[in-house]
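J.: Dropping the sequence and predicted coords here.
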Amino acid sequence: MKHVSRSLFLLLVCLRLHGVSGAAEKVRVAVKEGDSVTLYTGVQTNQHENINWYIGYLLARINGDLSNICTDVQCNEYTERFRGRLKLDYQTGSLTIMNTRNTDSGDYTLHITSDSSFSEKIFSVYVTGVSGVDKVSGMEGDSVTLNSGVQTNQQDRMTWYLNGIRIALINRNQSQICTDVQCNNTERFRGRLKLDHQTGSLTIMNITNTDSGEYTLLINNRNRFSEKIFSVSFRGVSGVDTKEKMEGNPFILNTGILTNQQLLVRWYYNGILITEISGENASIRDSSFICSADVQCNEDTERFRGRLKMYHHTGSLSITNTRNTDSGVYKLMIISDSRISEKIFSVYVHGESSCPTPFQLGIYAAVAVAVAVILLIVAVIYCYKRRARRNEANRTERDKQASGAEDSSPDQDALF
């Protein structure tokens, strides 16, 4: 009986592998061209026999005891499509695609098998450029509307995503409508989303700096898909931490978190991924780097050339031997089970002979005003004392003249 049950299980696995069973769970992931994207398994490799990734053919494989591991050309000798841009997480089997290209778009299928179960998950990856992005900005506390430009009754389904996470949905007959926590198990917006039932446009009310990011609208009409991307940012500077350093001195950008409480911690420099650490289900000691230096994260750049250090327990970023070319915007992205948060650092690195910064100019101006006031006070005191001395001298001269006039007047008794 035991052999019969195992045979039936293997038969079911074969049917799933050949697409005979029902639809698998499907996750949509959007990534900007040039960035890295990680497809998460949600499991541990040591609890399963095999974890396989497919994109029409075997793309990557890892088994429970790590005795059988391959990626790209190691799995399939006839293709070098990714050319070293794939990385497998040995603890989870999650797959990272680095330096993404538009040709990387497609369905990535994950098969997980163990002694008694088989599961399948499909990741629909969309790699987008920046030319088709609508930029929207607002001040904290304002409302921002992302216009769809269509009518809901002319579309089968309209879905909104923020950084790959579904946040709103509406279909043609409005039998399916959700926003925020109704669409997923997170309360990131906490009732601040409003969906227009006629157009599917999305309004974000009372916006905060954590609402910044890439909002993607996916429109499905008779199995034809189109998308529209909105990049939402803030004009205010209240959420920006400003750092100023002298060239050559190190500085640290602190996260204020612990990595073992997060899924992923990423650092970007002017929009380019420079370092990344995974803390999912890991202790401080077990936190594992996905990429720990700029060239490992992005093969087209060696800007920092070994001058970056990322702390395992906090994810804080240290930059040594700083140069003025290190000035710019550093963005911290923290991904946890229930939310995505961001923190922005504006860094200015200057040399001794460089032009003064606005902060320095302010100090110089304040010192100049203080010196001018002191000089004015000294001048007033000097003029006052000089005038007093002159008045005293004039008074003395007048007294002398008066005394001389009395001495030279004729004696009245002598006249008689």
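T.: Received the coordinates, thanks.

J.: From here on, just use CA atoms for contacts and neighbour counts.
T.: Fine.

J.: so how far is the longest helix belonging to the chain off the chain centroid?
T.: As assigned by DSSP state H, the longest helix anywhere in the chain is helix 358-407. Helix 358-407 sits 61 Å away from the centroid of its parent chain (C-alpha atoms, centre = their mean, to the nearest Å).

J.: now swap in stretch 51-69 and tell me
T.: With C-alpha atoms, centre = their mean, you get 31 Å for stretch 51-69.

J.: distance between the ends of it?
T.: For stretch 51-69, the separation between the terminal residues is 10 Å (C-alpha to C-alpha, to the nearest Å).

J.: That stretch - what's its average pLDDT?
T.: Stretch 51-69 shows a mean pLDDT of 88.

J.: can you check stretch 211-224 too?
T.: Rounded mean pLDDT across stretch 211-224 is 80.

J.: Mind listing what's buried along it?
T.: Buried positions in stretch 211-224, judged by neighbour count with 16 or more other C-alpha atoms under 10 Å: Asp211, Ser212, Gly213, Glu214, Tyr215, Thr216, Leu217, Leu218, Ile219, Asn220.

J.: my read: the second one touches Phe189, true?
T.: Okay, so that is Ser212. No: using C-alpha atoms under 8 Å, Ser212 makes no contact with Phe189, being 11.9 Å away.

J.: Helices along the stretch 201-350 of the chain, start to end?
T.: Secondary structure of the stretch 201-350 of the chain by DSSP state H, counting those that start in this stretch: the helices cover 294-297.

J.: Would you map the strands across it?
T.: Using DSSP state E, counting those that start in this stretch, the strands of the stretch 201-350 of the chain run over 202-204, 213-221, 224-234, 240-246, 251-253, 264-269, 272-278, 288-291, 308-310, 317-319, 328-335, 340-350.

J.: Ile274: neighbouring residues, count only.
T.: Ile274 has 25 neighbours, counted by other C-alpha atoms under 10 Å.

J.: returning to what we had before: any chance of the buried residues of stretch 211-224 in CSV, with distance to Tyr384 too?
T.: Listed next are those as CSV, based on distance: C-alpha to C-alpha, whole Å:
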residue, distance to Tyr384
Asp211, 63
Ser212, 62
Gly213, 65
Glu214, 68
Tyr215, 70
Thr216, 74
Leu217, 76
Leu218, 80
Ile219, 82
Asn220, 86
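
J.: Out of these, flag the one nearest to Asn147.
T.: Leu217 (9.6 Å; C-alpha to C-alpha).

J.: Give me the neighbour count for Gly191.
T.: 12.

J.: go on, the one 5 residues further on?
T.: Summarising burial for Asp196: neighbours were counted as other C-alpha under 10 Å, giving 15.

J.: And it, how far from Gln261?
T.: Between Asp196 and Gln261 the computed distance is 36 Å (C-alpha to C-alpha).

J.: Pass me the low-pLDDT residue ranges in the stretch 151-300 of the chain, would you?
T.: 223-224, 234-239, 279-300 (pLDDT under 70).

J.: same thing but 50
T.: Flagging of the stretch 151-300 of the chain using pLDDT under 50 yields the residue ranges 236-238, 281-287.

J.: Give the residue spans of the stretch 1-150 of the chain that score low on pLDDT.
T.: Residue ranges of the stretch 1-150 of the chain with pLDDT under 50: 1-22, 131.

J.: repeat that for 70
T.: For the stretch 1-150 of the chain, the ranges with pLDDT under 70 are 1-23, 78-79, 128-132, 140.

J.: Would you map the strands across it?
T.: For the stretch 1-150 of the chain, the strands defined by DSSP E, counting those that start in this stretch occupy 25-32, 37-39, 50-54, 58-63, 69-71, 86-88, 95-97, 106-113, 118-128, 133-138, 144-146.

J.: Compute the inter-axis angle for the fourth one and strand 50-54.
T.: Same thing as strand 58-63. Between strand 58-63 and strand 50-54, the angle comes out at 170 degrees (axes from the mean of the first three to the mean of the last three C-alpha atoms, to 10 degrees).

J.: One more: the first one?
T.: Angle, strand 25-32 to strand 50-54, by the same axes, to 10 degrees: 60 degrees.

J.: next one: strand 25-32 to chain centre, how far?
T.: Distance of strand 25-32 from its chain centroid, counting by C-alpha atoms, centre = their mean, is 19 Å.

J.: Contacts for that strand, please.
T.: With contact meaning C-alpha atoms under 8 Å, 6 or more residues apart in numbering, strand 25-32 is reached by 37, 100, 120-130, 163-165, 216.

J.: Now list the buried members of those residues.
T.: Buried subset of the contacts of strand 25-32 (neighbour count, 16+ other C-alpha under 10 Å): 37, 100, 120-128, 163-165, 216.

J.: And the chain, split by domain according to the record?
T.: Domain assignment for the chain, taken from automatic domain parsing, gives 7-128, 133-234, 240-350.

J.: okay if I get those as TSV plus distance to Val367?
T.: Listed next are the domains of the chain as TSV, based on distance: least, C-alpha to C-alpha, whole Å:
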stretch	distance to Val367
domain 7-128	47
domain 133-234	34
domain 240-350	20
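
J.: so which of these gets nearest Tyr382?
T.: Proximity to Tyr382 (C-alpha to C-alpha) singles out domain 240-350 among those, at 42.6 Å.

J.: now do the same end-to-end measure for the closest one.
T.: With C-alpha to C-alpha as the measure, the first residue of domain 240-350 is 19 Å from its last.

J.: Residue numbering should commence at 763 henceforth.
T.: Sure thing, new numbering starts at 763, so read that last one as domain 1002-1112.

J.: how far does it sit from the chain's center?
T.: Using C-alpha atoms, centre = their mean, the offset of domain 1002-1112 from its chain centre is 10 Å.

J.: gap between Asn814 and Asn825?
T.: Distance, Asn814 to Asn825, by C-alpha to C-alpha: 8 Å.

J.: Same question for Ile831.
T.: Counting by C-alpha to C-alpha - Ile831 and Asn825 are separated by 7 Å.
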